[in-house]
Structure formats: structure tokens, C-alpha cells
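[1] pasted the sequence and its predicted model underneath.
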Amino acid sequence: MNISAQMVKELRDKTGAGMMDCKKVLEASQGDFDQAMEMLRQKGLASATKKSQRVAAEGIIESYIHTGAKIGVLLELNCETDFVARRREFQNLSRDIAMQIVASPNVEYISAEDIPEELITEEKRIEAGKEDLQNKPDNVRDKIVTGRVEKRLKELSLLDQSFIKQPDITIEELIKKHIALLGENIQLRRFEKFIVGGGIEKRSSNFADEVAEILDHKA
């Protein structure tokens with residue numbers, strides 16, 4: 001099949017991959033775009049895995065304030081060189097990750113590996129004690145508990161979240177896609193979410209009680 005320059009450009013626009021890589025996978029897939037995109041994705045993930053051990057000490061601090069100014073995020077995204085840190089693709093990635101954190105209320109950790117062992121133990125204890133599991137055989141109960149705990153840990157892990165702009169990939173895959181695109185290791189070092197009133201114990205009051213209290217003082 002003759003692969004036209006327009007086909008190559010279209011695939012590049014959709015994936016951000018290099019022109020030669022796009023042409024090769026289109027030729028290998030006989031012009032099948034879906035297959036070509038999957039091949040590029042697999043190639044990108046493999047390439048990213050090789051680069052993941054390289055030192056990433058450059059990068060940027062990203063700040064994002066959500067509409068309404070009630071919630072904001074600060075994060076540090078690292079790469080290997082200042083040149084890549086200045087690339088538009090890298091800066092867009094950092095903003096997308098910040099927006100993802102805002103959109104993921106349960107996320108507290110970068111990855112499941114960062115979750116403290118005591119929290120995992122507590123989650124297992126809670127799940128094992130639920131009423132719907134009490135009459136099940138031990139092996140069945142253990143399997144269900146494991147599945148539920150793994151689901152909970154993924155809810156807490158940023159890298160396991162489905163990307164809000166492209167739900168068929170995770171944040172981890174999004175980062176790896178950019179590693180393949182930019183040719184450098186990229187690491188999300190840390191993040192902090194700020195919510196207005198967060199950590200403050202809010203006073204709940206009853207209007208009738210307040211009125212009665214005011215009248216008592218006047219009396």
C-alpha cells in the first residue's frame with residue numbers, strides 16, 4: 001500500500017510521534033490507523049521504560065488554580081535538560097497533570113508504591129470485616145478483599161487515573177508517551193493540593209438556637 005505524506009501527517013498530528021516512526025507503523029499496518037496508533041503506543045511505552053532509570057533533575061514547578069479560586073495545585077515535574085523543560089509539550093503535560101489532580105478528589109499519592117503500608121493494612125482490615133463477606137469461604141473472601149483493596153489503592157494513586165482528556169490511557173501512560181516524544185526521562189516528583197477551608201473544622205450551627213441565645217442575652 002502506498003503511504004501518502006498526508007496519512008503520515010495525520011497520524012503525527014494525532015499521536016505526536018516522529019514522522020519516520022509514523023511512516024514505518026503505517027507501512028507495517030497496511031495503512032490501518034487504529035493498528036498504527038497501537039503500535040506507536042507500545043513502542044513508546046517500551047522506550048519510556050528504558051529511559052525511566054535516567055536522572056531527571058531539571059524541570060518546572062507548575063501552578064494551577066481552578067475556576068472559582070477554591071482549589072489549586074502545585075507540582076514539580078522533572079526532566080533531564082532545561083531544553084526539554086522549556087518545550088511547549090512538556091509544559092502542557094505539567095498543566096494537564098495539575099488539572100487531573102484537581103479532577104481526582106480521592107488522589108493522595110503519586111503511585112500505589114507510595115501508599116504507606118499501615119494504610120494498606122487498615123484497608124484490608126476494613127474490607128475483611130464487611131458483613132457481605134462473613135459467610136464466604138476463606139479463599140473466596142481473601143480474593144474479594146484483595147480485589148477491593150487494589151481498587152481502593154488505584155483510587156488513591158495519580159498514575160493509575162484515567163486521563164480526563166483521553167480516558168483510554170492512564171496518567172502513567174500519558175507521561176510515558178511524552179518520554180517517547182521528547183526523548184528524555186520525565187518524573188512527577190511531588191504535588192500538593194490546596195482547598196479553601198481544608199483542614200479547618202467548620203462550625204455547624206442551628207439558626208433557632210442562635211436566636212434563642214441572643215434573646216437570653218438580652219433578657
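    Perfect, thanks for sending it.

[2] who touches A85 in this structure?
    Contacts for A85 (Cβ atoms under 8 Å, 6 or more residues apart in numbering) come out as 58-60, 79. Every residue, glycine included, has its C-beta placed from N, CA and C.

[3] how many neighbours does Q35 have?
    14 (other Cβ atoms under 10 Å).

[4] and it, what does it touch?
    25, 29.

[5] tell me the mean pLDDT for the strand or helix carrying it?
    For Q35, the host element (DSSP states H and E) is helix 33-51. For helix 33-51, mean pLDDT rounds to 71.

[6] ok, stretch 80-99 next?
    Computed over stretch 80-99, the mean pLDDT rounds to 94.

[7] for that stretch, buried residues please.
    Neighbour-count burial for stretch 80-99 flags 80, 84-85, 87, 90, 93-99 (criterion: 16 or more other Cβ atoms under 10 Å).

[8] same list (those residues) but as JSON lines, adding secondary structure and distance to R152.
    JSON lines is the format used below for the buried residues of stretch 80-99 (DSSP: H, G, I helix; E, B strand; the rest coil; distance: Cβ to Cβ, whole Å):
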{"residue": "E80", "secondary structure": "coil", "distance to R152": "34"}
{"residue": "V84", "secondary structure": "helix", "distance to R152": "35"}
{"residue": "A85", "secondary structure": "helix", "distance to R152": "35"}
{"residue": "R87", "secondary structure": "coil", "distance to R152": "36"}
{"residue": "F90", "secondary structure": "helix", "distance to R152": "32"}
{"residue": "L93", "secondary structure": "helix", "distance to R152": "27"}
{"residue": "S94", "secondary structure": "helix", "distance to R152": "27"}
{"residue": "R95", "secondary structure": "helix", "distance to R152": "28"}
{"residue": "D96", "secondary structure": "helix", "distance to R152": "25"}
{"residue": "I97", "secondary structure": "helix", "distance to R152": "22"}
{"residue": "A98", "secondary structure": "helix", "distance to R152": "24"}
{"residue": "M99", "secondary structure": "helix", "distance to R152": "23"}
